[in-house]
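In: Output the structure for:
(one chain, ligands or ions: 2)
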Amino acid sequence: MAPGSDMEAVKRAKVLMVGAGGIGCELLKTLALSGFEDIHIIDMDTIEVSNLNRQFLFRQCHVGQSKAKVARDAVLKFRPHINIKPYHANVKNPEFNIEFFKQFSVVVNGLDNLDARRHVNRLCLAAEVPLIESGTTGFLGQVTVHVKGKTECYECQGKPTPKTYPVCTITNTPSKFVHCVVWAKDLLFAKLFGDRSQENDLNVQSSDSVDASKNTEDVFERNPDEDLENYGQRIYDHVFGYNIELALSNEETWRQREKPRPIYINDVLPEKSFQKNGYLENSIDVNMAISAMPALGLKSPQDIWSLAENTKVFLEALSLFIKKRVKDIGNLMFDKDDQLAVEFVTAAANIRASSFGIPMHSLFETKGIAGNIVHAVATTNAIIAGLIVIEAIKVLQGDFNNYRMTYCLEFPKRKMLLMPIEPFEANKSCYVCSETPLILEINTRTSKLRDFVEKIVRNKLGMNLPLIMHGANLIFEDGDDIEEDVASNYARNLDKVLAELPSPVTSGTVLTVEDLQQELTCNIIIKHREEFNEEKEPDGMVLSGWTERANDKQSSNGESTSSVLTNGPYVASGKPLVSGTKRKLSEMEEASDNSCNPSSKSNSADRENPQQVDDNDVLDDLVILEVPPEVPKKKKVQLSV
Ligand SMILES: Nc1ncnc2c1ncn2[C@@H]1O[C@H](COP(=O)(O)OP(=O)(O)OP(=O)(O)O)[C@@H](O)[C@H]1O
Ligand SMILES: [Zn+2]
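Out: Ligands and ions are numbered 1, 2, ... in the order given. Okay, here's the model as predicted:
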């Protein structure tokens, strides 16, 4: 319960809690027990069995029900007289507009993805409602306070891009198991079962291998009269045998690297023992999740399968997708909760690993890597929830001098497990909370409006329902209520290159991009540029102006400083809130690893410092900096007395 003097503000407050998962359950309980009496909850999910170990407001009997509603009911049992209003919905829905947000005294987030966090940040800014943000990953966590006009907004600091890898490392020169998993998941799985119209680097081999592109054009298509067994073997031999042979033909690549070994099915299963086992014929219990393992006698997800077992799982899973899930093919995205997908990816990653002399892993481990899973720690969620409530109370009291962003560390430093830091002031060039224009370097003669909308407006700027204007001309708009002829006009525009739009976009053009729901407007100055570096600038365009980089340099990292944290990972301020799901290979880039250059063999051992959470490459939800921010160079908020 909040101290007596705080109680009035707490009792009167109307709180919006977004997300009723790991942090949200703790938060709702702590809010209720601290004296809050009017709480609205938005969560779009239903309860899953896997939530029960830490989302303690939920029980087995609630599986399948709305998290927001069940959380409300659970808390009303011990605080029956308070008002809790649940919304089983996506916070990005239009009903949660600025007017809706304005009714609240404070918004508290218990979310798990960047997209929703950015959206809530924008609505809080527009509605002028204070926001308390939070995030946890394993033992690490953080809480930040965002009050318009007083502190930075959630987006004032650049969000780190998730851990990424150069395309050539994935396609040609994997050196770690994670590279094989990314290949299996984002290339092979996507190629066989995903949207075939999407670009896919699976076939990229050495640039001089003319045959590669010729031969691989149709290889993933199943011929109409081809039986499943032949198809599976053909794919196997192509990706693990033929493609590796091709890669080997580029001798320069292997001058300083271990050569991979091509693997053909006849080498692994000379007797075609999988046929004898009847792997294609096993009937599947329709009530069970479709799985390749039972028919092959593989029981434990913790076991590391042999090459032969991986080969059988590969063939069986491929066959099951075609026999049992043919409707999904063409639309599938890898999902860590899809057993058959995990089996296929595990097998494919292991076979590739074996080819490159990389140790193989179990299905359990592969699932963790492929799904970016960092196991949640209930106590971290509880600590973070407590800190959120403490900051919410300060915000309600207007106790501006005492706002703190707080980091929860894995190991105590100077006997402190929680690191409180004064909040930063707003970044004057933040495109979200200031009006600074952005600059986009782009090839206006080759890039289509669609590329601009997808890569910049949606991905980089996080806009939900964008509207794009060139002067007074509307060139694109998204929404349900657009008339048919206008919509088909926009659709035509999307397929045009920028310079050939009805009002041509060329160097010097200023585009205005708006999201009315988020009440966000940005001006983007276009600069034509002919060429881009495929590895370093995979989008084929570069957005700047928002001095994310400058901030990074200024802040912490350079001058900041507490020696307190020097040896350990440090959770960067305001950052750990990046979603770690479904990355495209085209977005992949790993700054320190330029393995495309054959002479720059990456020294993975150097990078495998167990102190840095880096390696298993599973920590996408949290940003770890190697240098701690003690005395941030970035200006702190001027505290008024
Ligand atoms: N756009 C959104 N609108 C509403 N709720 C959201 C939105 N995005 C995420 N959430 C909710 O935020 C919560 C985050 O909780 P948490 O991180 O514990 O994830 P989880 O889905 O419960 O667990 P896990 O990902 O480990 O299975 C989830 O309940 C999720 O439904
Ligand atoms: Zn900002």
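In: where in the stretch 501-641 of the chain is pLDDT low?
Out: 546-641 (pLDDT under 70).
In: Then the chain?
Out: For the chain, the stretches flagged by pLDDT under 70 are 1-6, 160-162, 203-217, 272-288, 546-641.
In: Got the domain ranges for it?
Out: The chain breaks down by automatic domain parsing into domains covering 4-160+375-421, 177-357, 438-545.
In: Tell me which of these lies nearest to ligand 2.
Out: domain 4-160+375-421 (3.3 Å; CB to the ion). Placement of C-beta: from N, CA and C, glycine included.
In: what about the closest residue to residue 119 other than its chain neighbours, which helix or strand?
Out: In space, residue 119 comes closest to residue 92 once its chain neighbours are excluded; the distance is 5.2 Å by CB to CB, 6 or more residues apart in numbering. Following DSSP states H and E, there is no helix or strand that holds residue 92.
In: With residue 115 instead?
Out: Per DSSP H and E: helix 114-127 holds residue 115.
In: So that helix, near ligand 2 or not?
Out: No - among the residues of helix 114-127, none lie within reach of ligand 2 under CB under 5 Å from the ion; the closest is 7.7 Å away.
In: and that helix, what does it pack onto?
Out: Packing partners of helix 114-127 (3 or more CB pairs under 8 Å, 6 or more residues apart in numbering; DSSP states H and E): helix 98-102, strand 106-109, strand 131-137.
In: between that helix and strand 131-137, what angle do the directions make?
Out: Put simply, helix 114-127 runs at 170 degrees to strand 131-137, going by axes from the mean of the first three to the mean of the last three CA atoms, to 10 degrees.
In: Helix 114-127 near ligand 1 anywhere?
Out: Yes - judged by CB under 6 Å from any ligand atom, helix 114-127 comes into contact with ligand 1 through residue 116.
In: in that helix, what counts as buried?
Out: For helix 114-127, a neighbour-count test (16 or more other CB atoms under 10 Å) marks 114-127 as buried.
In: Stretch 403-414 now?
Out: In stretch 403-414, counting by 16+ other CB under 10 Å, buried: 403-410, 413.
In: Off-centre distance for stretch 301-320?
Out: Centre-to-centre, stretch 301-320 and its host chain are 28 Å apart (CA atoms, centre = their mean, to the nearest Å).
In: let me fix that: stretch 15-30
Out: For stretch 15-30, the distance to the chain centre is 21 Å (CA atoms, centre = their mean).
In: what does stretch 450-459 give?
Out: Using CA atoms, centre = their mean, the distance between the centre of stretch 450-459 and that of its chain works out at 17 Å.
In: go on, stretch 236-243?
Out: Using CA atoms, centre = their mean, the offset of stretch 236-243 from its chain centre is 30 Å.
In: Likewise for stretch 24-37?
Out: From the chain centre to the centre of stretch 24-37 is a distance of 28 Å (CA atoms, centre = their mean).
In: And for residue 333, the neighbour number?
Out: For residue 333, the number of neighbouring residues by other CB atoms under 10 Å comes to 16.
In: correct me, but it touches residue 194?
Out: Yes - the pair residue 333 / residue 194 is scored as a contact, 6.3 Å apart, by CB atoms under 8 Å.
In: picking up where we left off before, residue 66: which of the buried residues of helix 114-127 is nearest?
Out: Each of the buried residues of helix 114-127 was checked against residue 66 using CB to CB; the closest is residue 116, at 16.8 Å.
In: residues touching that closest one, list them.
Out: 18-19, 90-92 (CB atoms under 8 Å, 6 or more residues apart in numbering).
In: just checking, residue 40 is part of a strand?
Out: Yes - counting by DSSP: H, G, I helix; E, B strand; the rest coil, residue 40 is found in a strand.
In: pretty sure it is touching residue 16, no?
Out: Yes - between residue 40 and residue 16 there is a contact under CB under 8 Å: 5.0 Å.
In: Need phi/psi at residue 253.
Out: phi -60, psi -30 (degrees, to the nearest 10).
In: Can you verify my assumption that it contacts residue 173?
Out: Yes - at 6.6 Å, residue 253 counts as touching residue 173 under the criterion of CB under 8 Å.
In: for residue 300, helix, strand, or coil?
Out: Once three-state DSSP is applied, residue 300 turns out coil.
In: ok, now residue 467?
Out: Assignment for residue 467 (three-state DSSP): strand.
In: contacting residues for it?
Out: Counted by CB under 8 Å, 6+ apart, residue 467 has contacts 474, 476-478, 513-516.
In: now do 10 Å
Out: By CB atoms under 10 Å, 6 or more residues apart in numbering, the contact set of residue 467 is 457, 474-479, 512-516, 521.
In: so of those residues, which ones are in helices?
Out: In helices, judged by DSSP state H, none of the contacts of residue 467 are found.
In: Arrange these in JSON lines, one row each, with distance to ligand 2 and neighbour count as further columns.
Out: Below are those laid out as JSON lines (distance: CB to the ion, whole Å; neighbours: other CB atoms under 10 Å):
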{"residue": "457", "distance to ligand 2": "18", "neighbour count": "24"}
{"residue": "474", "distance to ligand 2": "27", "neighbour count": "16"}
{"residue": "475", "distance to ligand 2": "27", "neighbour count": "23"}
{"residue": "476", "distance to ligand 2": "25", "neighbour count": "22"}
{"residue": "477", "distance to ligand 2": "25", "neighbour count": "18"}
{"residue": "478", "distance to ligand 2": "24", "neighbour count": "17"}
{"residue": "479", "distance to ligand 2": "26", "neighbour count": "13"}
{"residue": "512", "distance to ligand 2": "19", "neighbour count": "16"}
{"residue": "513", "distance to ligand 2": "16", "neighbour count": "22"}
{"residue": "514", "distance to ligand 2": "17", "neighbour count": "19"}
{"residue": "515", "distance to ligand 2": "15", "neighbour count": "20"}
{"residue": "516", "distance to ligand 2": "19", "neighbour count": "17"}
{"residue": "521", "distance to ligand 2": "14", "neighbour count": "14"}
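In: OK, now which residue of the chain is nearest to ligand 1?
Out: Proximity of the chain to ligand 1 (CB to the nearest ligand atom) peaks at residue 21, 1.9 Å away.
In: Contact residues of the stretch 251-400 of the chain facing ligand 1?
Out: By CB under 6 Å from any ligand atom, the part of the stretch 251-400 of the chain that sits against ligand 1 consists of residue 376.
In: now the chain
Out: That would be 19-22, 24, 42-45, 50-51, 67, 90-92, 111-113, 116, 376, which are the residues of the chain within reach of ligand 1 (CB under 6 Å from any ligand atom).
In: Now list the buried members of the residues you listed.
Out: Listed as buried from these are 19-22, 24, 42-44, 51, 67, 91-92, 111-112, 116, 376; burial here means 16+ other CB under 10 Å.
In: Filter those down to just the ones in helices.
Out: 22, 24, 67, 116.
In: so the third one sits right up against residue 52, yeah?
Out: This points to residue 67. No - applying CB atoms under 10 Å, one finds residue 67 not in contact with residue 52, separated by 11.7 Å.
In: between the two, what contacts are shared?
Out: By CB under 10 Å, 6+ apart, the residues touching both residue 67 and residue 52 are residue 58.
In: which parts of stretch 441-455 are buried?
Out: 441-444, 447-449, 451-453, 455.
In: Among the residues you listed, which ones are in strands?
Out: Of the buried residues of stretch 441-455, the ones assigned to strands by DSSP state E are 441-442.
In: Helices - which of the buried residues of stretch 441-455 land there?
Out: Residues of these located in helices (DSSP H): 449, 451.
In: Export the buried residues of stretch 441-455 as JSON lines, with columns for distance to residue 218.
Out: Shown next, in JSON lines, are the buried residues of stretch 441-455 (distance: CB to CB, whole Å):
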{"residue": "441", "distance to residue 218": "37"}
{"residue": "442", "distance to residue 218": "33"}
{"residue": "443", "distance to residue 218": "30"}
{"residue": "444", "distance to residue 218": "34"}
{"residue": "447", "distance to residue 218": "29"}
{"residue": "448", "distance to residue 218": "26"}
{"residue": "449", "distance to residue 218": "31"}
{"residue": "451", "distance to residue 218": "27"}
{"residue": "452", "distance to residue 218": "32"}
{"residue": "453", "distance to residue 218": "31"}
{"residue": "455", "distance to residue 218": "29"}
